[in-house]
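[1] Would you be able to build a 3D model of this:
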Amino acid sequence: MEKPVLSSEETKRYARHLVLKGFGGTAQQRLKSARVLVVGAGGLGSPALAYLAAAGVGTLGIADHDTVGLSNLQRQVVHTTAAVGTPKTQSARAFIAAINPNVIVETLESRLEADNVRLITGVFDIVLDGTDNFATRAIVAEACERSKKPLVSGAVSMFDGQVTTFVPGGPRFADLYPEAPREEDLPSCEVNGVLGPVTGVIGSLMAMEAIKLITGVGEPLTGRLLLYSGHSSTFTELTYERGAEED
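    Numbering: from 1, shown residues only. Alright, predicted model coming up:
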């Protein structure tokens with residue numbers, strides 16, 4: 001496949017990437033060719049979408065069935081007060097158009113379910129999951145595994161967050177989470193709260209993981225779970241391995 005040509009406007013827009021040693025024009029062209037799906041345009045999806053759009057990812061998919069609420073604005077930075085009551089996909093699309101009109105945006109305002117998730121994830125190169133629902137995270141992970149698509153997975157609660165990356169052939173979602181937690185044991189933002197900047201930290205890391213996967217620059221968090229503590233401003237890394245295949 002031919003590499004996409006950067007326009008003169010794009011050359012100026014991405015100038016700091018083009019002069020970056022070890023990145024340059026080849027990596028930027030790969031970004032322009034990439035199709036990335038972001039599941040959830042909320043606290044994690046917002047910074048991820050912002051940085052992926054600014055970086056020049058050619059096509060961004062946004063899957064979110066929710067509307068913008070006033071309580072979202074404390075952390076979901078792509079949405080505005082004027083957007084309250086509108087679909088998050090539309091609000092995020094407007095933000096992306098404002099920051100980088102070169103990016104193609106595809107939206108899905110339906111909830112991801114087992115019967116539609118494979119069709120959606122299958123047409124993208126990479127998937128980022130920033131949802132706060134374990135059941136949704138599990139079906140997205142299963143769909144990515146079956147369609148052999150890399151998945152960047154992030155989560156936050158209160159003052160803490162985590163991020164990891166699953167790639168075809170590597171450790172799987174089921175290796176990190178061998179048993180589904182009970183619903184009552186899962187932290188809820190509505191009940192426990194979350195400090196806004198924590199979502200910015202993890203969402204930005206998710207965008208960084210996607211850029212590394214697209215360009216081949218750097219080492220993704222494959223088989224590594226990166227934990228962030230906002231209280232202590234520390235990062236801790238845990239490793240996990242691929243388990244045996246089930247019959």
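
[2] quick one, what contacts A63?
    37-40, 89, 107-108, 110, 112, 120 (CB atoms under 8 Å, 6 or more residues apart in numbering). C-beta here means a position set from N, CA and C on the backbone, and glycine is covered the same way.

[3] pLDDT wise, what is it at?
    With respect to pLDDT, A63 has a value of 95.

[4] what's the closest non-adjacent residue to it?
    Leaving aside its sequence neighbours, A63 sits nearest to L108 (CB to CB, 6 or more residues apart in numbering; 4.4 Å).

[5] The one you found and G61 touch, don't they?
    Yes. Between L108 and G61 there is a contact under CB atoms under 8 Å: 7.0 Å.

[6] picking up where we left off before, inside helices: which ones of the contacts of A63?
    Among the contacts of A63, the members falling in helices are 89, 120 (criterion: DSSP state H).

[7] Among the contacts of A63, name the buried ones.
    37-40, 89, 107-108, 112, 120 (16 or more other CB atoms under 10 Å).

[8] would you list these in JSON lines and tack on distance to R16 and pLDDT?
    As requested, the buried ones among the contacts of A63 are exported to JSON lines (distance: CB to CB, whole Å; pLDDT from 0 to 100):
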{"residue": "L37", "distance to R16": "26", "pLDDT": "97"}
{"residue": "V38", "distance to R16": "23", "pLDDT": "97"}
{"residue": "V39", "distance to R16": "29", "pLDDT": "96"}
{"residue": "G40", "distance to R16": "28", "pLDDT": "95"}
{"residue": "T89", "distance to R16": "29", "pLDDT": "97"}
{"residue": "T107", "distance to R16": "29", "pLDDT": "95"}
{"residue": "L108", "distance to R16": "32", "pLDDT": "93"}
{"residue": "L112", "distance to R16": "35", "pLDDT": "82"}
{"residue": "I120", "distance to R16": "33", "pLDDT": "82"}
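
[9] Relative to A53, which of the residues you listed is nearest.
    Closest approach between the buried ones among the contacts of A63 and A53, by CB to CB: V38, at 10.0 Å.

[10] any idea how far the closest one lies from T239?
    Applying CB to CB, to the nearest Å, the value for V38 to T239 is 26 Å.

[11] And for L112?
    L112 is 29 Å from T239, where distance means CB to CB.

[12] Spell out the secondary structure type for the nearest residue to S110 once chain neighbours are set aside.
    Spatial nearest neighbour of S110, chain neighbours left out: H65 (5.7 Å); criterion: CB to CB, 6+ apart. Classification of H65 using DSSP: H, G, I helix; E, B strand; the rest coil returns coil.

[13] Sounds good, over and out.
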